[in-house]
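>>> Here is a sequence with its predicted model. Questions after.
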Amino acid sequence: MTGSHLAFGGHLVLGGVVSLHPSSSALPGASELAKLADGLGWWALIAALVGLVLGAGAWALGSHTNNYQYSSSGRRAVLVSALAALVIGAAPTVINFLFGAGQAMR
């Protein structure tokens, strides 16, 4: 193995070692993409909030009127909306953790 030549399974591969170093200043428009991601996250949280409120209302109304279908649908909407908010909030941390774990594999 010399310079920029690598041998894999008896085959000679020309080129260097591939590396990745993410940088927000590497491409133009990175700040706009970050703002877009923040805005999409905000809209997703608003949608989760609306789903949670509507689901809680359907759950309460279904329970009060002994309507199993409304109660079950409302309970499902509350759980899905709560999990969506959890995933939205944890997404940056999960992505950073997975990227760090991937960088540690050498």
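Nice, thanks for sending it over. Numbers count the residues shown, from 1 in each chain.

>>> In terms of secondary structure, what does the lengthiest helix in the chain contact?
Ranked by residue count and defined by DSSP state H, the top helix of the chain is helix 68-104. With contacts taken as 3 or more Cβ pairs under 8 Å, 6 or more residues apart in numbering; DSSP states H and E, helix 68-104 sits against helix 30-64. (Glycine included, C-beta is placed from N, CA and C.)

>>> distance of residue 22 from residue 103?
10 Å (Cβ to Cβ, to the nearest Å).

>>> Kindly list the single helix or strand of the protein that scores lowest on mean pLDDT.
strand 5-8 (a mean of 54; mean pLDDT, DSSP states H and E).

>>> Show me what stretch 91-99 is in contact with.
22, 41 (Cβ atoms under 8 Å, 6 or more residues apart in numbering).

>>> If we use 7 Å, what do you get?
By Cβ atoms under 7 Å, 6 or more residues apart in numbering, no residue outside stretch 91-99 reaches it.

>>> now stretch 54-72
73, 74, 75, 77, 78, 81.

>>> Let's see that with 10 Å instead.
Applying Cβ atoms under 10 Å, 6 or more residues apart in numbering, the contact partners of stretch 54-72 are 73, 74, 75, 76, 77, 78, 79, 80, 81, 82.

>>> Based on its surroundings, how many neighbours for residue 59?
Counted with other Cβ atoms under 10 Å, the neighbours of residue 59 add up to 20.

>>> Contact partners for the closest residue to it other than its chain neighbours?
Leaving out its chain neighbours, the residue that sits closest to residue 59 by Cβ to Cβ, 6 or more residues apart in numbering is residue 74, at 3.0 Å. Neighbouring residues of residue 74 by Cβ under 10 Å, 6+ apart: 54, 55, 56, 57, 58, 59, 60, 61, 62, 63, 67.
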